[in-house]
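Asker: What would the 3D arrangement of this be:
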Amino acid sequence: MEFAYLTLDSTGREVRGTLLAADHTEALAKLRARGLTVTNLTKKAGEEERRFVLRKRIMPQDLYSLSREVSTLLRSGIRIDRALELLRNGAKKKEMKEVLNAVLQDIKAGGNVARAFEKTGCFSPFLVSMIQVNEAAGNLQSAFENIAQYLKFQIAFRSEIRNAMTYPLFLIFASIVTFLVIFQFVVPRFFSIFGAQLESLPLPAQVLYTLSGWVNFRSLAILLALGGILLVARRFYPAHVRLPDLSDRLISLPGLRTLIINLELSRFCYSMHSMLLSGVEFLRALRLSISLIQNASIRSAMAPTVGLVKEGRKIADVFAEIPLLPDIVANMVRVGEESSSLKEVFFELYSMFDERFKNSVKRMLTLVEPVIILVMGAVVGFIVITLILTVMSVSSIKL
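Answerer: Numbers count the residues shown, from 1 in each chain. Prediction:
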């Protein structure tokens with residue numbers, strides 16, 4: 001079978017590609033043998049499987065419900081195999097039932113729980129590591145409880161971002177529709193009265209008429225079609241089709257730089273807290289948490305910390321050398337390092353960066369509405385003034 005992978009090398013550089021392996025486990029072992037940290041590994045669908053690609057996937061909400069229910073059943077004293085069997089029998093989603101059935105079969109065949117969940121490809125290496133460490137300590141209930149808390153954080157985080165963007169996106173959509181109606185119907189009908197004498201119109205009128213030929217429903221349909229083709233290609237061939245990472249370009253802007261850094265650091269710190277709380281060894285937690293950072297610039301800056309800490313340097317000193325990190329990170333980590341309370345420190349850092357991110361988003365959203373209104377006003381004002389100038393100069397145009 002052919003697998004598409006997304007990994008990080010020892011320097012933090014993103015590595016993509018494909019490889020052949022008998023199953024998911026063998027593919028994962030091959031990548032780890034190369035010294036790569038796996039962040040995504042998916043089986044490439046064959047021609048006979050391609051029609052099933054558009055099935056409903058297992059969403060983070062499904063994994064959260066599964067982790068919470070498994071944790072509850074284990075807390076009640078039920079064995080892991082019996083708990084999974086109960087959840088499989090009660091699962092309504094076909095994909096979830098198939099995943100639970102595969103995990104249950106592996107466990108009953110003598111395999112360990114972490115490897116069984118890893119084979120499904122639904123749990124990331126980050127979550128598998130939580131299960132693996134707690135399974136070795138004989139505390140699976142704690143593993144699934146921490147996983148549920150982490151997934152709940154991720155779901156709430158994305159929901160907050162979507163909710164915050166709802167109103168600005170509505171304003172942008174309304175503006176686009178308004179401009180399309182004006183340029184598609186109003187402007188062409190107005191200029192139709194001048195017949196073939198358009199070259200005699202004032203320059204603003206000629207610019208407006210030219211724009212009406214570009215901004216229309218046909219142009220919008222072409223753009224939407226191209227976007228749809230790109231997304232479908234990305235869905236079928238993730239290893240070959242790469243979308244531009246806008247955050248790498250936006251981080252250079254002064255206003256958005258702090259926003260992106262707060263977002264990535266809140267995700268990183270919560271990941272570190274969850275991993276350390278689950279008993280994951282610090283270096284492994286650091287490596288996996290860095291792999292969760294979406295912005296390539298921040299991820300590249302953080303990647304060398306794994307090697308430096310491994311050499312025996314103090315964690316706080318290593319963090320202090322990263323220009324992108326605020327000073328408070330190194331200072332608080334130094335306190336946590338000396339008091340052996342790093343997991344609590346990372347949670348405090350998460351709370352702080354999360355609050356900063358939310359406040360930054362609120363400030364930005366208060367500016368979005370007036371900016372959109374000003375842009376709309378400027379465009380509509382230009383259209384109105386151009387039409388008035390055209391009417392005033394009609395006496396000099398030979399109709």
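Asker: top helix in this structure by residue count?
Answerer: Scanning the chain for the longest helix, with DSSP state H as the assignment, gives helix 342-392.
Asker: what helices or strands is the helix or strand hosting D81 leaning on?
Answerer: Take DSSP states H and E as the rule and D81 turns out to sit in helix 80-90. Secondary-structure packing of helix 80-90 (3 or more C-beta pairs under 8 Å, 6 or more residues apart in numbering; DSSP states H and E): helix 60-75, helix 94-108. Every residue, glycine included, has its C-beta placed from N, CA and C.
Asker: Does the shortest one pack against any helices or strands, and if so which?
Answerer: So that's helix 94-108. Helix 94-108 sits against helix 60-75, helix 80-90, helix 113-120, with contacts defined as 3+ C-beta pairs under 8 Å, 6+ apart.
Asker: now the longest one and helix 94-108, what's the angle there?
Answerer: Taking axes from the mean of the first three to the mean of the last three C-alpha atoms, to 10 degrees, one finds helix 60-75 and helix 94-108 inclined to each other by 40 degrees.
Asker: packing partners for helix 60-75?
Answerer: Looks like helix 60-75 contacts helix 80-90, helix 94-108, helix 140-181 (3+ C-beta pairs under 8 Å, 6+ apart).
Asker: Go again with 10 Å.
Answerer: Secondary-structure packing of helix 60-75 (3 or more C-beta pairs under 10 Å, 6 or more residues apart in numbering; DSSP states H and E): helix 80-90, helix 94-108, helix 113-120, helix 125-136, helix 140-181.
Asker: Could you tell me the least trusted of those?
Answerer: Set side by side, the helices and strands packed on helix 60-75 give their lowest mean pLDDT on helix 125-136, at a mean of 78.
Asker: relative to helix 80-90, how tilted is it?
Answerer: Relative orientation of helix 125-136 versus helix 80-90 (the same axes, to 10 degrees): 130 degrees.
Asker: buried set for the helix holding D81?
Answerer: Buried positions in helix 80-90, judged by neighbour count with 16 or more other C-beta atoms under 10 Å: I80, A83, L84, E85, L87, R88.
Asker: tell me the SS of G138?
Answerer: Judged by DSSP: H, G, I helix; E, B strand; the rest coil, the three-state class of G138 is coil.
Asker: thinking again about what came up before, including distance to I388, could the buried residues of helix 80-90 go into TSV?
Answerer: Below are the buried residues of helix 80-90 laid out as TSV (distance: C-beta to C-beta, whole Å):
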residue	distance to I388
I80	76
A83	74
L84	73
E85	76
L87	69
R88	71
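Asker: Quick check: of the residues you listed, which lies closest to I385?
Answerer: Proximity of the buried residues of helix 80-90 to I385 was ranked by C-beta to C-beta; the top entry is L87 with 65.9 Å.
Asker: correct me, but that closest one touches L74?
Answerer: No: between L87 and L74 there is no contact under C-beta atoms under 10 Å: 11.4 Å.
Asker: hmm, back to that, ok, which of the helices and strands packed on helix 60-75 comes nearest A21?
Answerer: Between these, helix 113-120 lies closest to A21; by C-beta to C-beta that is 12.0 Å.
Asker: Counting by contacts, list what that closest one packs against.
Answerer: Applying 3+ C-beta pairs under 10 Å, 6+ apart, one finds that helix 113-120 makes contact with helix 24-33, helix 60-75, helix 80-90, helix 94-108, helix 125-136, helix 140-181.
Asker: looking at this protein, which helix or strand is least sure?
Answerer: Least confident helix or strand, the chain: helix 246-250 with a mean of 64, by mean pLDDT, DSSP states H and E.
Asker: possible to save the helices and strands packed on helix 60-75 as JSON lines with distance to Q61?
Answerer: Converted to JSON lines, the helices and strands packed on helix 60-75 look like this (distance: least, C-beta to C-beta, whole Å):
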{"stretch": "helix 80-90", "distance to Q61": "15"}
{"stretch": "helix 94-108", "distance to Q61": "11"}
{"stretch": "helix 113-120", "distance to Q61": "17"}
{"stretch": "helix 125-136", "distance to Q61": "15"}
{"stretch": "helix 140-181", "distance to Q61": "6"}
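Asker: can you tell which of the ones you listed is closest to S291?
Answerer: S291 sits nearest to helix 125-136 of all the helices and strands packed on helix 60-75, at 7.5 Å, using C-beta to C-beta.
Asker: so how far is the closest one from its chain's centroid?
Answerer: Here helix 125-136 is found 23 Å from its chain centre; the criterion is C-alpha atoms, centre = their mean, to the nearest Å.
Asker: quick revisit: wait, which of the buried residues of helix 80-90 is closest to I322?
Answerer: Among the buried residues of helix 80-90, I80 lies closest to I322 (C-beta to C-beta), at 40.3 Å.
Asker: What's the separation between that closest one and R313?
Answerer: Distance from I80 to R313, counting by C-beta to C-beta, to the nearest Å: 40 Å.
Asker: now swap in L6 and tell me
Answerer: Going from L6 to R313 by C-beta to C-beta gives 29 Å.
Asker: dump the residue contacts of D354.
Answerer: Applying C-beta atoms under 10 Å, 6 or more residues apart in numbering to D354 gives the contacts F153, F157, E160, N262, L263, L265, S266, R267, C269, Y270.
Asker: Next, the buried residues of the strand or helix carrying L288.
Answerer: Assignment of secondary structure by DSSP H and E places L288 within helix 282-291. Neighbour counts over helix 282-291 (16+ other C-beta under 10 Å) mark F282, R284, A285, L286, R287, L288, S289, I290, S291 as buried.
Asker: Looking at the residues you listed, which is nearest V177?
Answerer: Closest to V177, out of all of those and judged by C-beta to C-beta, is S291, at 40.8 Å.
Asker: sorry, back to before: which helices and strands sit right next to the helix holding L288?
Answerer: Under the contact rule (3+ C-beta pairs under 10 Å, 6+ apart), helix 282-291 is packed against strand 2-8, strand 37-43, helix 125-136, helix 254-277, helix 296-302, helix 304-310, helix 315-320, helix 342-392.
Asker: just the angle between it and strand 2-8, please?
Answerer: 110 degrees.
Asker: Would you confirm that D81 contacts L87?
Answerer: No: D81 sits out of contact with L87 when judged by C-beta under 10 Å, with a separation of 11.0 Å.
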